[in-house]
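**Q** Next one to model:
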Amino acid sequence: MHNTFTYRHSDLPPVRPEIKAEIVALGIHADDLILKSQGNYRELQELAETLDNCLNSCELNLNSIRIIADDSPQPAAISMKNLSIEEKRLIYSCSNTNSVLLNLLSEIVGKSPEELASDIAIQASIYQKPVGDNEIEEFIKDVMIPLANKAKDNRQPKGHYVFKQVN
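**A** I've put the predicted structure just below:
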């Protein structure tokens, strides 16, 4: 998991009292379950697995938080300006192709491009599962990088669209 949250050391939020109370209650409840299950291997095993899963989730969340020293310089924000020209061309090509397709579809079905885009976004949010970081990285490695390399190696491009260059 990548760092989702970044805090300067002095900006770390304090433990909220209601959360602290729930943590204490959870500890007491876990201790009580351990005592009740004493001598019962299967109950203790199931409790240990549950607590282990909780601990793993908590550690994953902890690893998503980056803490930097108060006196460290603010890291530069990554933006489109940081991308190579090949990466910018890929983004442009995909966006422009989507725009052309949306306009063509608009003419075919008789709806405005904005209305179609809204309908498509709604359908995507209903039917598409969230895309994980690994899926994106695999797509970049397996599809986009080979396309960019092929486009870069193509000495006589047939157009400025990636899909035209690789045909």
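**Q** Please name every helix or strand in contact with the helix or strand harbouring Val24.
**A** Assigned by DSSP states H and E, Val24 belongs to helix 17-36. Counting contacts by 3 or more C-beta pairs under 8 Å, 6 or more residues apart in numbering; DSSP states H and E, helix 17-36 is packed against helix 41-63. Any C-beta I mention is one placed from the backbone N, CA and C, and that applies to glycine too.
**Q** How about the helix it packs on, which residues are buried there?
**A** Neighbour counts over helix 41-63 (16 or more other C-beta atoms under 10 Å) mark Leu47 as buried.
**Q** How are the strands of this protein distributed by residue range?
**A** For the chain, the strands defined by DSSP state E cover 5-8, 65-68.
**Q** Considering those strands, which stretch scores lowest in mean pLDDT?
**A** Lowest mean pLDDT within those: strand 5-8, a mean of 82.
**Q** Describe which strands that one pairs with in its sheet and in which direction.
**A** strand 65-68 (parallel) (DSSP bridges).
**Q** what does the strand it pairs with rub up against?
**A** 3-9, 12 (C-beta atoms under 8 Å, 6 or more residues apart in numbering).
**Q** what about this structure, any weak spots by pLDDT?
**A** Scanning the chain for pLDDT under 70 picks out 1-3, 74-77, 127-128, 148, 151-167.
**Q** Look through it and report the residue furthest from the middle.
**A** Most distant residue from the mean C-alpha position of the chain: Gly39, 43.5 Å away (C-alpha atoms, centre = their mean).
**Q** distance of it from Leu51?
**A** From Gly39 across to Leu51, the span is 18 Å (C-beta to C-beta, to the nearest Å).
**Q** Please apply the same query to Ile78.
**A** Noted for Ile78: a distance of 38 Å to Leu51, by C-beta to C-beta.
**Q** need the contact list for Ile34.
**A** Ile34 neighbours (C-beta under 8 Å, 6+ apart): 44, 47.
**Q** Kindly recompute the last result at 6 Å.
**A** Residues counted as contacts of Ile34 (C-beta atoms under 6 Å, 6 or more residues apart in numbering): none.
**Q** Kindly report the same for Leu47.
**A** 33, 37.
**Q** Let the chain start at 580 from now.
**A** Yes, from this point I'll number from 580; that puts the last item at Leu626.
**Q** Scan the protein for its longest helix.
**A** helix 664-688 (DSSP state H).
**Q** mind checking which of the strands of the chain is nearest Pro692?
**A** Pro692 lies closest, by C-beta to C-beta, to one member of those: strand 584-587, at 36.8 Å.
**Q** Show residues contacting the closest one.
**A** Outside strand 584-587, the residues touching it (C-beta under 6 Å, 6+ apart) are 644-647, 649.
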